[in-house]
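Student: got a predicted model here, sequence first, then my questions.
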Amino acid sequence: MTRVSGGMRVPASTYRLQITADFDLYAAADLLGYLHELGVDWVYLSPLLAAEPGSEHGYDVVAHDHIDESRGGAAGLKALSAEARRLGMGVLVDIVPNHVGIATPREDPWWWDVLRLGRDSPHAAAFDIDWNAGHERLLVPVVGDDDLLPGGRIDHLSVVDGEDGPELAYHDNLYPIAPGTADDYGPTGVDANAVHDRQHYELASWHSADDDLNYRRFFAVNTLAAVRVEEPDVFTQTHAEIRRWVSEGLVDGLRVDHPDGLRDPRKYLADLAGLTGGAYVLVEKILEPGEKLPASWATAGTTGYDVLGLIDRVLTDPAGEEPLDALESRLRGGPVDWPAMVHERKREVADGMLHSEVKRIVRDLRRHLPVVPAFRAEDAVAELLACFPVYRSYLPEGREHLEQAFALARSHRPDLAATYDALEPWLNSADLAASKRFQQTSGMVMAKGVEDCAFYRWSRLTSLNEVGGDPSIFALDTEAFHAAMVERQRYWPDAMTTTSTHDTKRGEDVRARIAVLAELPSAWSRTLTRLLSLAPVPDPGFGALLWQAALGAWPISRERLHGYAEKAMREAADHTTWTSPNQEYEGAVHAAVDALYDDAAVGQAFRELLDEVVAPGWSNALAAKLIALTMPGVPDVYQGSELWEQSLVDPDNRRSVDFDPRRSLLSAVAAGAGAAAPYGLDDVGAAKLLLTQRALTLRRDRPTLFRTYTPVRAVGPAAEHVVAFDRGGALTVATRLPVGLAARGGWGDTRIELPPGNWHDALAGAEAGPTTERSSVLLRDLLATYPVALLVKESR
């Protein structure tokens, strides 16, 4: 049940739903009965505010004063909230304070008004625009190469009748015309380029965004313009509808998207706490290994990418690191230097797609340091961004990260030592505009350089290439895992725990299966060599990444695997890109994908390895799920992942979910039909559904079983193959490294000690007690049915 912590209502668990026009709030309301039966405490919804027409995700908000009508509108949220209240459930909603969608200018009335009136618009202060850099015009980088004419003129530009008078049209894009700038518009026509030259905006080449853009964006997405919520009036207006949700009791908590883009996340969260009365709030903050979330923030914690990496690594065999390193070196023609790759990719981003942000930081700095040449300052700032060890600092908090960046930058570029000496005092100033902008930018450079590029260039073990993780950290032993959980229980017991999201690069069960390769490095190397021989690709390293994706997601349709291959190779951007596709390279990769479905020899080689990894992959998947659902924190289940979740990167992981078979299967499981342990490819995941239902129901209905954390030790020849912990009456036991366990002949006499009490396995239904004193139980008996057990201490 929902509990109260420090006056804040905290969910026992959440279930994430992607709300779209095809699955709207009414459909979500109809699903709540199923979610309640599954054991879910709160439903967790994707962004609801009005978004760009046809948006499938809702992160491109165009109006803050109403819910998107295509998603169900205000009436839809009211219906969902009423049904949640009837079932005793709560509602958590994702909000997007950092940016708005501007792809269709007329849909966003604020942006339209700024385009029309320029700096004089009453909404101009809402956007982070450098008017001086654009000579009082807002750069709009939308013009294609074929439409750029001599003399700066634009082809396919015209003046048309609009809703409120004449508008400027570029192909199908419409833009407002400032008052008095098209007075000669009439039946005889008008020179559209002449009209364009009089506007407060300049339609420019799409290439110009990299260097000349004068408004802040979300990462490098030109159609998402940043909003200045640090301004009190802007905060109030952009959160008016959110305030209504909370004040009317429609919503219980909020998830804040991309807080690192905000000028002052700490202040924003304080403002949000004031608006909501201290409601439950989570932040989508990505922490690097060892980094701590600022304790001064008014939040229950992160959305869980940090613990996702811990779960994956405690289930990864450290013995696989050396042979997989050797394989990667052979494929790449030499060892991969991950820190060097990260630095190079980040520097490319700072010098390329985000160079306009670097230039703006320098413009801010040179107001104080006019004697530092702009080109040298830009070089120095770009290098600092490339050297920054985490996503960002929050000065004065995180100053050590800035110091580390300066030290590393000086070692890389001693020729810039004098420039760094000049810049360092200013970038250390918490109140300086330039330092605030630097902090907003460093996370953008990290995300685009690492998550969206370097992750696709290192294929050693791709289950580790996940948001919030460092692929160079290969595995985690149980002692380190337990230490992290003790700390989490102490400091962040209400933070979210996740294993799959709409942003993960690979679904939880894809990663669970790929992780098996760490236990089978020789088999993987032999099979990969065979596959690359039968279906060659120009870059064998990328081939390893592609075949791991196919292995983890199988069975996967040809269409889905082609879609993944295209995105992966273009994000890697070392042979082909989104803006300049290499047809020959891409054709060879797509031919390899087709060979998996059409070439019998390729299919046989692939399936031989698949047969070796499926069963241990399912074991890993159940272990990861049970650990995630029972460890400290608030567990979230991503839509559909109560069965096998074998999605790849978006948009694959945002596909609609068929809940009808899940309802039917849950009814059978809830009726006591049980679920067979998974072994084959045709398994639908009934055991995972059983596990999810039992764990979530316990967390909701018996919360006192989950209030502490104590590691449970195993003794015996296979002790390294189990991770176990007691939450205060709910005791988790999970198999790890199942291939190695089978190779040693099973559990043998390995056992765990149980605290005194009457213990019952909520999954297999077996008794593991009673015991009056600490006594041991053999794992070969406890885990005879499933590779996991959830022991519950019963009262007599």
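Tutor: Sure, I can see it.
Student: now do the strands in the stretch 1-150 of the chain.
Tutor: Using DSSP state E, counting those that start in this stretch, the strands of the stretch 1-150 of the chain run over residues 3-5, 8-10, 14-17, 42-45, 90-95, 99-101, 138-143.
Student: mind listing what the last one pairs with, with the direction of each?
Tutor: Here strand 138-143 is paired, per DSSP bridges, with strand 201-205 (parallel).
Student: okay, the strand it pairs with in CSV with CA atoms only?
Tutor: Output of strand 201-205 as CSV, limited to C-alpha atoms (Å, rounded to 0.1, in the frame of the first residue of the first chain):
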residue,chain,number,x,y,z
TYR,A,201,13.4,35.3,-37.6
GLU,A,202,15.6,34.0,-40.3
LEU,A,203,15.0,30.8,-42.2
ALA,A,204,18.4,29.4,-42.7
SER,A,205,20.3,26.3,-43.9
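Student: which residues sit against that strand?
Tutor: 115, 118, 134, 137-143, 145, 148, 154, 157, 168, 170, 175, 196, 212 (C-beta atoms under 8 Å, 6 or more residues apart in numbering). Quick note: C-beta positions are derived from backbone N, CA and C, even for glycine.
Student: give me the distance between that strand and the centre of its chain.
Tutor: Distance of strand 201-205 from its chain centroid, counting by C-alpha atoms, centre = their mean, to the nearest Å, is 32 Å.
Student: what is the mean pLDDT for that strand?
Tutor: Averaged across strand 201-205, pLDDT comes to 97.
Student: do the same with stretch 733-742
Tutor: Rounded mean pLDDT across stretch 733-742 is 98.
Student: can you mark which positions in that stretch are buried?
Tutor: V733, A734, T735, R736, L737, P738, V739, G740, L741 (16 or more other C-beta atoms under 10 Å).
Student: go on, stretch 516-529?
Tutor: For stretch 516-529, burial by neighbour count (16+ other C-beta under 10 Å) applies to V516, L517, A518, E519, L520, P521, A523, W524, S525, T527, L528.
Student: doesn't the second one lie inside a helix?
Tutor: This means L517. Yes - assessed with DSSP: H, G, I helix; E, B strand; the rest coil, L517 lies in a helix.
Student: so who does it touch?
Tutor: So L517 contacts G320, L324, L461, W524, Q548, L551, V613 (C-beta under 8 Å, 6+ apart).
Student: how about a cut-off of 7 Å?
Tutor: By C-beta atoms under 7 Å, 6 or more residues apart in numbering, the contact set of L517 is G320, L461, W524.
Student: check the first one too.
Tutor: The contact partners of V516, taken as C-beta under 7 Å, 6+ apart, are V613, P616, G617, N620, V739.
Student: any figure for the gap between it and D312?
Tutor: V516 sits 12 Å away from D312, going by C-beta to C-beta, to the nearest Å.
Student: just the fifth one next, same as before
Tutor: In this structure, L520 lies at 17 Å from D312, with C-beta to C-beta as the measure.
Student: about what we covered before: relative to T497, which of the strands of the stretch 1-150 of the chain is closest?
Tutor: Closest approach to T497 among those is made by strand 14-17 (9.7 Å; C-beta to C-beta).
Student: in this protein, which residue is closest to the centre?
Tutor: The centre of the chain sits closest to D503, judged by C-alpha atoms, centre = their mean, with a distance of 3.5 Å.
Student: is it true that that residue touches E466?
Tutor: No - applying C-beta atoms under 7 Å as the test, D503 and E466 come out as separate, 9.9 Å apart.
Student: re the thing from before, of the buried residues of stretch 516-529, closest to G672?
Tutor: Nearest member of these to G672, counting by C-beta to C-beta, is V516, at 31.8 Å.
Student: so for that closest one, what's the pLDDT?
Tutor: V516 is given a pLDDT of 98.
Student: one more: the one 3 residues further on?
Tutor: Among the per-residue scores, E519 shows a pLDDT of 98.
Student: how close does it get to P755?
Tutor: Taken as C-beta to C-beta, the span from E519 to P755 is 32 Å.
Student: buried stuff in stretch 578-597?
Tutor: Y585, E586, A588, V589, H590, A592, V593, A595, L596.
Student: reformat the buried residues of stretch 516-529 as CSV; add distance to A279.
Tutor: Formatted as CSV, those follow (distance: C-beta to C-beta, whole Å):
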residue, distance to A279
V516, 42
L517, 43
A518, 42
E519, 44
L520, 47
P521, 48
A523, 51
W524, 47
S525, 52
T527, 51
L528, 50
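Student: quick one on the thing from earlier: okay, and the residue nearest to the centre of the chain sits in which element?
Tutor: Counting by DSSP states H and E, no helix or strand carries D503.
Student: what ranges do the helices span in the stretch 301-450 of the chain?
Tutor: 305-314, 321-332, 338-351, 355-365, 374-387, 399-412, 417-427, 433-446 (DSSP state H, counting those that start in this stretch).
Student: typed the wrong thing, it's the stretch 451-600 of the chain
Tutor: Using DSSP H, counting those that start in this stretch, helices in the stretch 451-600 of the chain cover 478-491, 508-514, 521-534, 540-553, 558-572, 583-598, 600-630.
Student: Q18 is nearest to which of those?
Tutor: helix 508-514 (16.3 Å).
Student: the closest one - contacts with which helices or strands?
Tutor: helix 540-553, helix 600-630 (3 or more C-beta pairs under 7 Å, 6 or more residues apart in numbering; DSSP states H and E).
Student: so the first one versus helix 600-630, what angle?
Tutor: Orientation check (axes from the mean of the first three to the mean of the last three C-alpha atoms, to 10 degrees): helix 540-553 against helix 600-630 gives 60 degrees.
Student: of the contacts of V516, which is the most crowded?
Tutor: With neighbours defined as other C-beta atoms under 10 Å, the most crowded of those is N620; it has 31 neighbours.
Student: quick one: neighbours of the residue lying closest to that residue once chain neighbours are set aside, just the number.
Tutor: Counting by C-beta to C-beta, 6 or more residues apart in numbering, A512 is the residue found nearest to N620 once chain neighbours are left out, at 3.8 Å. Counted by other C-beta under 10 Å, the residues lying close to A512 total 30.
Student: ok, so what distance separates A512 from P150?
Tutor: 58 Å.
Student: do the same with A475
Tutor: 60 Å.
Student: which of these two has more neighbours?
Tutor: A475 (20 against 5).
Student: dump the residue contacts of the more buried one.
Tutor: R313, T316, D317, P318, E321.
Student: please apply the same query to W426.
Tutor: L365, H368, L369, L432, A434, S435.
Student: mind redoing it with 10 Å?
Tutor: D364, L365, R367, H368, L369, V372, L432, A434, S435, F438 (C-beta atoms under 10 Å, 6 or more residues apart in numbering).
Student: select from those residues the one having the most neighbours.
Tutor: Neighbour max across the contacts of W426 (other C-beta under 10 Å) = F438, 28 neighbours.
Student: how close does it sit to A178?
Tutor: For F438, the distance to A178 - C-beta to C-beta - is 34 Å.
Student: can I assume V723 sits in a strand?
Tutor: Yes - assigned with three-state DSSP, V723 falls within a strand.
Student: who's it bridged to?
Tutor: Going by DSSP bridges, V723 forms beta bridges with A734.
Student: go ahead and confirm it touches A480.
Tutor: No - taking contacts as C-beta atoms under 10 Å, V723 lies outside contact range of A480: 11.1 Å.
Student: I'm done for today, thanks for sticking with me.
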